[in-house]
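>>> Could you work out the structure for the sequence below:
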Amino acid sequence: MILLSSDYYQIKKTRKKGRGIFAHKEIPAGTIIGDYTGLVLKDKDAEKEEEKYDNACYSMDYQDNGLSIFPLKVEGLGIHLINHSCSPNCDTYYYFGHTLFFTSRRILVGEELTIDYSFDPDHKKDWLHACFCGSPFCRGTMYSSDAKLKLWGSFCRKETRGQKFKLLKAGEILQPLGKYPKEIKDNEVFNLFANQKAIPMKYDDKKLPSIKELRKRLRDSGRMLYFKNIGLKLMAIVDGRLIFEK
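Take a look at the predicted model:
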């Protein structure tokens, strides 16, 4: 289910990944893009559905309990059209039993909206989920590391503590929520990757700002940060590490 106003995006065919969602206008950081609603299936049944669509990765884990969510209409519009990238500009957030997709930093006009699929390495099938996203940060696979998933799980448990919701069973449909948050706030658990093709933002700082300030500048602009007095260009903040281009 796409929650973003239709004038902010358009659906286009990509060269290698089928359809994708592209920004028609700039989208601020923290904007909720959509909610992954659909039919709850047992994982083995979801895999059978995937095979009907050339294993296009349309299903998503549901509450880590052997169940997945599959789109009600694969051919229609939906959040399932957001493709994978190893340097995504969107991320996910658990909220009352739902997985919300949101922009992790400002999206510039013409950009494709992407997330890191972060598949569980315990179910690794490299032949099926290799990655060829072409990003400077491409790791060659859509699978995440155990350490990253552990950190992510800890964050999600903390954020959802006290939230009450009904866990669905296989065959039931996850319906849209009656109300959604206005935005998702930044957190260090979310990796930030600047748009590598856009003109960088230039700064006159004599020394590098704090990581908190760097995150804010990258998140708000969506662009690389060029510190001309230092001779460094910030490309990304990954797992708390600053990644520069000289």
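
>>> drop to CA atoms for contacts and neighbour counts, all remaining ones
OK.

>>> Any regions of the chain where pLDDT drops low?
Regions of the chain meeting the criterion pLDDT under 70 cover residues 122-128.

>>> Name the residues that touch the longest helix along it?
If you go by DSSP state H, the chain has its longest helix at helix 146-160. Applying Cα atoms under 8 Å, 6 or more residues apart in numbering, the external contacts of helix 146-160 come out as 93-96, 118, 120-121, 189.

>>> Narrow these to just the buried residues.
93-96, 118 (16 or more other Cα atoms under 10 Å).

>>> any idea how far Ser5 lies from Gly140?
As judged by Cα to Cα, to the nearest Å, Ser5 and Gly140 stand 33 Å apart.

>>> same check, this time on Arg223
Arg223 is 24 Å from Gly140, where distance means Cα to Cα.

>>> Give me the more crowded residue out of these two.
Using other Cα atoms under 10 Å as the criterion, Arg223 and Gly140 rank with Arg223 on top: 26 against 15.

>>> residues touching the more buried one, list them.
194-196, 198-201.

>>> Which of those fall in strands?
Met201 (DSSP state E).

>>> now, among the contacts of Arg223, which is nearest to Lys13?
For Lys13, the nearest member of the contacts of Arg223 is Asn195. The distance, counting by Cα to Cα, is 20.4 Å.

>>> Would you mind giving the domain segments of the protein?
For the chain, the structural domains run 6-174, 192-245, going by automatic domain parsing.

>>> Can you lay out those as TSV showing distance to Lys182?
Formatted as TSV, the domains of the chain follow (distance: least, Cα to Cα, whole Å):
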stretch	distance to Lys182
domain 6-174	7
domain 192-245	17
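
>>> Can you tell me which of the ones you listed is nearest to Lys185?
domain 6-174 (6.0 Å).

>>> end to end, how far does the closest one reach?
22 Å.

>>> so which strand or helix has Gln10?
Secondary structure from DSSP states H and E places Gln10 in strand 9-13.

>>> If we go by neighbour counts, what in that strand is buried?
Buried residues in strand 9-13 (16+ other Cα under 10 Å): Tyr9.
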